[in-house]
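> for reference, the sequence and a predicted model appear below.
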Amino acid sequence: MVFIATPNSKTIYLNLNPETTTVLSLQQSIQRHTQIPISHQNLLLSPNPHCHNLDSLLLSHLQITPYSTIFLHVPLRGGTQPGPGGAAPPKPRLDFLNSKPPPNYVAGLGRGATGFTTRSDIGPARAAPDLPDRSATTIGGAAASSGLGRGRGKPGEDEDDDEGEDKGYDENQKFDEFEGNDVGLFASAEYDEDDKEADAVWEAIDKRMDSRRKDRREARLKEEIEKYRASNPKITEQFADLKRKLHTLSAEEWDSIPEIGDYSLRNKKRRFESFVPVPDTLLEKARQEQEHVTALDPKSRAAGGTETPWAQTPVTDLTAVGEGRGTVLSLKLDRLSDSVSGLTVVDPKGYLTDLKSMKITSDAEISDIKKARLLLKSVTQTNPKHPPGWIAAARLEEVAGKIQTARQLIQKGCEECPRNEDVWLEACRLASPDEAKAVIARGVKSIPNSVKLWLQAAKLEHDDVSKSRVLRRGLEHIPDSVRLWKAVVELANEQDAVTLLERAVECCPLHVELWLALARLKDYDKAKKVLNRAREKLPKEPAIWITAAKLEEANGNNAMVGKIIERCIRALQREGFVIDREAWMKEAEAAERAGSVVTCQAIIRNTIGIGVEEEDRKRTWVADAEECKKRGSIETARAIYAHALTVFLTKKSIWLKAAQLEKSHGTRESLDALLRKAVTYRPQAEVLWLMGAKEKWLAGDVPAARAILQEAYAAIPNSEEIWLAAFKLEFENHEPERARMLLAKARERGGTERVWMKSAIVERELGNTEEERRLLDEGLKQFPSFFKLWLMLGQLEERLGNLEKAKGVYESGLKHCPSSIPLWVSLAILEEKMNGVAKARAVLTLARKKNPQQPELWLAAIRAESRHGYKKEADILMAKALQECPSSGILWAASIEMVPRPQRKTKSMDALKKCDHDPHVIAAVAKLFWHDRKVDKARTWLNRAVTLAPDIGDFWALYFKFELQHGSEENQKDVMKRCIAAEPKHGEKWQAISKAVENSHQPTEAILKKVVVVLGKEETAAENNSKQ
């Protein structure tokens, strides 16, 4: 933006860029805004001594920056209107205007004007002030005196001389280029060095003062402009906030907006409407045309019904109608047959159907086409050498359906712009197949170096031999075109392709794809020579080195692969090539996908550490391996872990991630080898020993698992985890005596509460009740705060029928473990059996007071009330429970099942708002979909539930039951497989069945099926209760 100070004390602003705007463009903009001709404009600009043509000079070269202010001076011009004979006769000059005024003369004093005196008017040799000529204060004079300043001349003086003569006097008689209007004061003085120095000082002061004022002036002007825009906003700005709210309108609200219509009376003339009676003949004719005849007359029946009764057809000129219809039909058929491809698109037998399917162009589209045609005609006539204008004009005619006109226009474009390939391509596209070859031939003759034209010419050929011949002709003119070489190689057979590629790499030695293609077609020895030549031509191209490594790997020279990649990195670094670690990782993944695993490993080994800080190596490498694993690049991830383990030999986390990778995507042998190597470097890592033993156990090799655990015990003699793993191995493989001995040794060595619990479990499995009670009693003496021992002892007394003893055990356990929820629930259930629901209610109330905000206690109380038919009390408890535990998934799931069927959908919506990602709520919603027969949605939600909580077996049983009812056998096997892999341990029904004595050694598959049976029985019982 540039500001212009005009002579009438106003400032205008022009949206111009000083870096790209010349002085002439500035003057033209001023003329458009102020109507001041360029010849009358006098811009006060700092001159450039190196430029003689000021009009072509950029504003930035004249020290003009954005938001600068330029003063515009308009000289006062006099004169008279020219007479009929041409130039006006000169007026006689007034001598008194050129003479010196008398002392103390003030022009216009007689009519009340007053004079003033300035510092320049007072001199040492004058007795009285000599007032200046008042003519200098006219329009433009004031601006000149304020804008020019000391030492600046007035441009355009020669042009004003003639006008001064026309006026009869010279209004600038006292103006000097250097001293301005003050020339009279110092006319007789000499201009010496002191005057020059003084002028330079004053000029510097003027510049300094102007620069100080300029910032304030420009800021003030900018503020005024912003204030004006704020007080006078545009229409679009006034409705901007309302327009932003339109996205909230629905489709129905849009449709309900009424049409505005045209209510203006402007340019509307009242039409005179006259009403005349309708003649009877017209009414009769209309009646005959609309009449339907349901019976044939005798004449029509005699002809078999093939003749039309004469009275049913209006009498008109049938000949004229037939001729007109035939003419219209022929025009439409001609236009349809003359398509771009030159082939007719009309079915001769069903042309009427084709005519009905034609697009009818509206009047608005026709008007737009006419406007566009007129505009493009102007473009092509004013600038016939502009190729896009011809192309646009031809395409417009094509859209309008005038294909012949389009061809003529593009032909003219080819004549006007013979060196433009786009015009020739458009002409070839619009031409018919018979003429397209001739058009493209003229194009390649005019532009023999156009690759696009030669490729288009090859496309027009129908057989490969002709296409290859055309492309070879193109290569004669453009031997360095890679696109032409690729096209001709694709059409050739293998033997000819080798010859062509050898010539191609000679013509295009810097294109790596041609070298690699030639190497692929050669045998091993010749391919090595080709790649060596390519490496000499392209020393900074890593693809050549990688191809060489793949070549060595394909021929069994795996030892050379690492050396080649290592030499590649050194050579590229020597050439100054930046090694991008991410790009090389992608190359490694590409090599893995191509089957070159050794090359992939070599790339990772030599590039994975480049550009990584030493303290960030572990985190970065693990993240890279995980990303590769997500993308399916298993070998790349394995190579990253292998390299990381060579650097971090003792990092347990890396060994575990590598083992997980082998477990998921490797073989048992590779996993075993990795774990063996891991425990060698990290013998104190229990989890590595346990993982190795478990894999051997799952593989069926129990002695090997036993040996691994023995080695682990030797490495970590006091590890409880290894003792318990050895016990589990023996116990699960039906070796109770071995398991009992191991636990006895563990107890002797000061085992924890888990050892005592496992010992009691072994005795329970073997049926030794007294031994089990003894172990539990001894364990409770050592670990009285371990609630599971109290729970097992109470369950033992319940199995034996000693309910009072069981009650005493639970109460004793609650004294030591008052926050144990399972103990409170077990005591409440026992009290319900012994003394009814009232006692159980009291126990659960006490439990909730001591353990607030525990949803399990609330759920136990709700279920106790429901079992005895107290639905109202259960609903009240549920409402209180949801108030105290608003984000409990198990409570919301139970609430959904408790409400009547019509209210479950609303209740499920409330549950999802409170806890969207809770698996219990998701499973409850899945049941709703299941009952509503929405099979796909139910399957999706059940899958989501088991994904969120794979350790809860109840969800797996529900999912498997659903697939048994609605899924295929494949889906059932998939759910079973996923459940076995997840190994669920928790779940209300799952734990009750899996921890039963009779199911102690049952596999996951058997437990799952038993839980499904229990779910079926509960569902049947619930249906029976609802019917009652």
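Here it is on my side, so go on. Residues are numbered from 1 along each chain as shown.
> output the lowest mean pLDDT helix or strand found in this protein.
For the chain, the helix or strand with the lowest mean confidence is helix 141-147, at a mean of 37 (criterion: mean pLDDT, DSSP states H and E).
> can you classify residue 380 as helix, strand or coil?
helix (DSSP: H, G, I helix; E, B strand; the rest coil).
> that one contacts residue 390, correct?
Yes. Counting by Cβ atoms under 8 Å, residue 380 touches residue 390, with 5.9 Å between them. Heads up, the C-betas are built off the backbone N, CA and C, glycines and all.
> the more surrounded of these two?
residue 390 (28 against 20; other Cβ atoms under 10 Å).
> could you measure that one against residue 621, distance?
Look at residue 390 and residue 621: by Cβ to Cβ, to the nearest Å, they are 60 Å apart.
> how about residue 755?
For residue 755, the distance to residue 621 equals 40 Å [Cβ to Cβ].
> equivalent analysis for residue 679, please.
22 Å.
> now do residue 60
Counting by Cβ to Cβ - residue 60 and residue 621 are separated by 54 Å.
> quick one, what contacts residue 676?
Each residue near residue 676 by Cβ atoms under 8 Å, 6 or more residues apart in numbering is listed here: residue 692.
> mind checking the longest helix of the protein?
helix 193-231 (DSSP state H).
> report the mean confidence score over that helix.
For helix 193-231, mean pLDDT rounds to 84.
> list the buried residues in that helix.
Buried residues in helix 193-231, defined by neighbour count with 16 or more other Cβ atoms under 10 Å: 217, 218, 221.
> show me where the stretch 801-950 of the chain has strands.
Counting by DSSP state E, counting those that start in this stretch, one finds no strands in the stretch 801-950 of the chain.
> just the chain next, same as before
Counting by DSSP state E, the segments of the chain that form strands are 2-5, 11-14, 42-43, 69-73.
> the second one pairs with which strands?
In the sheet containing strand 11-14, the strands it pairs with under DSSP bridges are strand 2-5 (antiparallel).
> relative to the whole chain's centre, how far out is the partner strand?
Taking the mean of its C-alpha atoms, strand 2-5 sits 44 Å from the chain's own mean (Cα atoms, centre = their mean, to the nearest Å).
> show residues contacting that strand.
For strand 2-5, contacts defined as Cβ under 8 Å, 6+ apart pick out 11-14, 16, 18, 21, 26, 30, 59, 64, 66-72, 147, 218, 221.
> buried ones from those, can you make that a PyMOL selection?
Per 16+ other Cβ under 10 Å, the buried members of the contacts of strand 2-5 correspond to this PyMOL selection:
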select buried, resi 13+14+16+18+21+26+30+59+64+67+68+69+70+71+72+147+218+221
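> quick check, residue 565 in contact with residue 545.
Yes. Here residue 565 reaches residue 545: they are 6.9 Å apart, a contact under Cβ under 8 Å.
> need the distance between the two termini of stretch 908-922.
Stretch 908-922 stretches 9 Å from its first residue to its last (Cα to Cα, to the nearest Å).
> that older thread, and the longest helix of the chain, how far out from the chain's middle?
Using Cα atoms, centre = their mean, the offset of helix 193-231 from its chain centre is 49 Å.
> please apply the same query to stretch 707-718.
Mean-position distance between stretch 707-718 and its chain equals 55 Å (Cα atoms, centre = their mean).
> try stretch 454-462
38 Å.
> now stretch 835-843
Mean-position distance between stretch 835-843 and its chain equals 62 Å (Cα atoms, centre = their mean).
> report the buried residues of that stretch.
Buried residues in stretch 835-843, counted by 16+ other Cβ under 10 Å: 837, 839, 840, 841, 843.
> surely residue 543 meets residue 511?
No. Applying Cβ under 8 Å as the test, residue 543 and residue 511 come out as separate, 11.3 Å apart.
> compare neighbour counts for those two and give me the winner.
Neighbour tally, residue 543 and residue 511, criterion other Cβ under 10 Å: the higher count belongs to residue 511, 20 against 14.
> would you mind measuring from that one to residue 499?
In this view, residue 511 and residue 499 are 17 Å apart by Cβ to Cβ.
> repeat for residue 589
Taking Cβ to Cβ, one finds residue 589 at 35 Å from residue 499.
> more crowded one of the two?
Neighbours were counted for residue 589 and for residue 499 using other Cβ under 10 Å; residue 589 has more, 20 against 11.
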